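>>> I'll drop the sequence and a predicted model, then ask my questions.
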Amino acid sequence: MAHSHTPVPVTARRGGPLRGRVRVPGDKSISHRAMIFGLLAIGETTVTGLLEGEDVMRTAAAARALGATVHHDGPGSWRVRGVGVGGLREPAGTLDFGNAGTGSRLMMGVCGSHPITTTFDGDASLRKRPMRRILDPLEQMGTVIVSQEEGGRVPLTLRGPKEALPIVYRTPVASAQIKSAVLLAGLAAPGETTVIETEATRDHTEKMLTHFGAQVTVSPEGEHGRRIVLKGQPELQAAPIVVPADPSSAAFPLVAALIVPGSDVLIESVMTNPLRSGLLTTLREMGADITIESEANEGGEAVATLRVRAGSLKGVTVPPERAPSMIDEYPVLAVAASFATGTTRMRGLQELRVKESDRLAAVEAGLKAAGVTCAIEGDDLVVEGSGGSVAGGGTVATHLDHRIAMSFLVMGLATDKPMQVDDGAMIATSFPSFVALMNGLGGEIG
Ligand SMILES: O=C(O)C1=C[C@@H](OP(=O)(O)O)[C@@H](O)[C@H](O)C1
Ligand SMILES: C=C(OP(=O)(O)O)C(=O)O
């Protein structure tokens, strides 16, 4: 599959304070799931606020290939007419998920429990990411792995059983993608499918299963975990979906406003689901000036308008059990930590090694390119804060990783010398309007 693109270098430089009011695009996790639930429901699902990033568009294309009718009515507004659980059509070609771990892994769960053969592929980043974590439970449910690249990588082909077996599955690592793949596979199985997680991860799949009429029970498991039980073979009924603004995207203007002196920014209606809010907790512990201007509910999720003002930050230790609730925000937290006074230790980051890039290594290299002292110690990242002034001036290798690109562009808005990233093309996977939005606040990115 041809995936080469011409790298687009992008530079960020320090200018005046950031000022204004913004709303970031719809949540990526919920947007993928909107397409997937739309496909699996009977009737027409309407979606508003959908993230129209490349990752979600891949999931929309896969939903079409599996039999859904997908209409785009206007910005963020979509309609999906589904085929129902059990009704998937065997796709004519390979399902190409590009850069998207979430889309590919959740769809493996969907397809793997249906009696069809499906081939999954993606870009050079996705081809490096571990899929065994999805294939293992699927094999227990009766899926045949027809072919796979070494170590369970894409391209890979699945053949689903006539009727999937329900399982009880304890996720080996804290991962909403594993949990969701097993629950989505369990939809096609008779009886109860159970997922047990030791650390609670984002709960969008459970909430949307309930919203679409499935029977799901969630109970606590140990100190931080959950047990989720799904009754299989429900008839999912189409239901409207309102996608709230993505806290993982909001993290970029948020951290930028904290580190660019004199900034005062309002970020509208950001989803504050506690399983996604670890960054807010951590930044507040660091002394960040973040206040809530208003609170509301959008599509069953709490949202809040955040007012963020620049100010001094202090280093903190981030406990490992907080990782699931801020997993994608560590790169930009490391940027904030570079400007803080004192040391920030982020503990238990092993999962960062298997994201779009090895984010532990990419963050360490980027911080060093900017003149920041940092180290990886086991699974921890330790950043020595500069107390406010960071040299910058380096070029950061982004390794096809949108969050690495955006994090170091945010950094460049506050460093003494500009920061360049080698390729900004992947920003379009999750936040296509990033550069325009940041520049609208007064940033100098281009
Ligand atoms: O379920 C989801 O929507 C996601 C789960 C997380 O991945 P893991 O499940 O691999 O931790 C996260 O990093 C990803 O961006 C989105
Ligand atoms: C890890 C991420 O996404 P995915 O796993 O869907 O590629 C992310 O968006 O930071």
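Yes, it's here. Ligands and ions are numbered 1, 2, ... in the order given.
>>> mind listing what the closest residue to residue 56 other than its chain neighbours touches?
Using CB to CB, 6 or more residues apart in numbering and skipping residues adjacent in sequence, the residue nearest residue 56 is residue 31, 4.4 Å away. Just so you know, the C-beta spots here come from the backbone N, C-alpha and C atoms, and that holds for glycine as well. Neighbouring residues of residue 31 by CB atoms under 8 Å, 6 or more residues apart in numbering: 47, 50, 51, 53, 56, 59, 243.
>>> most neighbours, which of those?
residue 56 (29 neighbours; other CB atoms under 10 Å).
>>> for that one, helix, strand, or coil?
On the three-state scheme (DSSP: H, G, I helix; E, B strand; the rest coil), residue 56 is labelled helix.
>>> name the SS class of the residue of the chain most remote from its centre, please.
Using CA atoms, centre = their mean, the residue of the chain lying farthest from its centre is residue 162. It sits 32.2 Å away. At residue 162 the chain is in coil, as set by three-state DSSP.
>>> surely it and residue 115 touch.
Yes: contact criterion CB atoms under 8 Å: residue 162 and residue 115 qualify, at 5.2 Å.
>>> circling back to that earlier point, which element, helix or strand, includes the residue nearest to residue 56?
helix 28-40 (DSSP states H and E).
>>> tell me the residues of the chain that contact ligand 1?
Contacts of the chain with ligand 1, taken as CB under 6 Å from any ligand atom, map to 29, 102, 175, 176, 177, 180, 202, 327, 328, 351.
>>> can you put the residues you listed in CSV and add neighbour count, pLDDT and secondary structure?
As requested, those are exported to CSV (neighbours: other CB atoms under 10 Å; pLDDT from 0 to 100; DSSP: H, G, I helix; E, B strand; the rest coil):
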residue, neighbour count, pLDDT, secondary structure
29, 26, 98, helix
102, 22, 99, helix
175, 22, 98, coil
176, 24, 98, helix
177, 24, 99, helix
180, 30, 99, helix
202, 22, 98, coil
327, 22, 98, helix
328, 22, 98, helix
351, 17, 98, helix
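>>> among these, which one sits closest to residue 417?
Nearest to residue 417 among the residues of the chain next to ligand 1: residue 328, at 27.4 Å, using CB to CB.
>>> for the nearest residue to the closest one once chain neighbours are set aside, helix, strand, or coil?
In space, and not counting its chain neighbours, residue 328 is closest to residue 248: 4.7 Å by CB to CB, 6+ apart. Secondary structure, three-state DSSP: residue 248 is helix.
>>> share the number of residues neighbouring residue 248, please.
The local packing of residue 248 (other CB under 10 Å) involves 23 other residues.
>>> contacts only, for it.
By CB under 8 Å, 6+ apart, residue 248 lies in contact with 27, 28, 276, 328, 329, 403, 430.
>>> same thing but 10 Å
For residue 248, the contact set (CB atoms under 10 Å, 6 or more residues apart in numbering) comprises 24, 27-29, 270-271, 276, 279, 326-329, 332, 403, 406, 430-431.
>>> among the contacts of residue 31, which are in helices?
Taking DSSP state H, the ones among the contacts of residue 31 that sit in helices are 56, 59.
>>> pLDDT wise, what is the residue nearest to residue 328 at?
Note on residue 248: pLDDT of 99.
>>> the one 4 residues further on now?
In the prediction, the pLDDT value recorded for residue 252 is 99.
>>> can you get me a residue count around it?
Neighbour tally, residue 252, other CB under 10 Å: 27.
>>> which residues are in contact with the nearest residue to residue 83 once chain neighbours are set aside?
Nearest residue to residue 83, sequence neighbours excluded (CB to CB, 6+ apart): residue 67, at 4.2 Å. Listed by CB under 10 Å, 6+ apart, the contact set of residue 67 reads 39, 81, 82, 83, 84, 87, 88, 89, 90, 91, 116.
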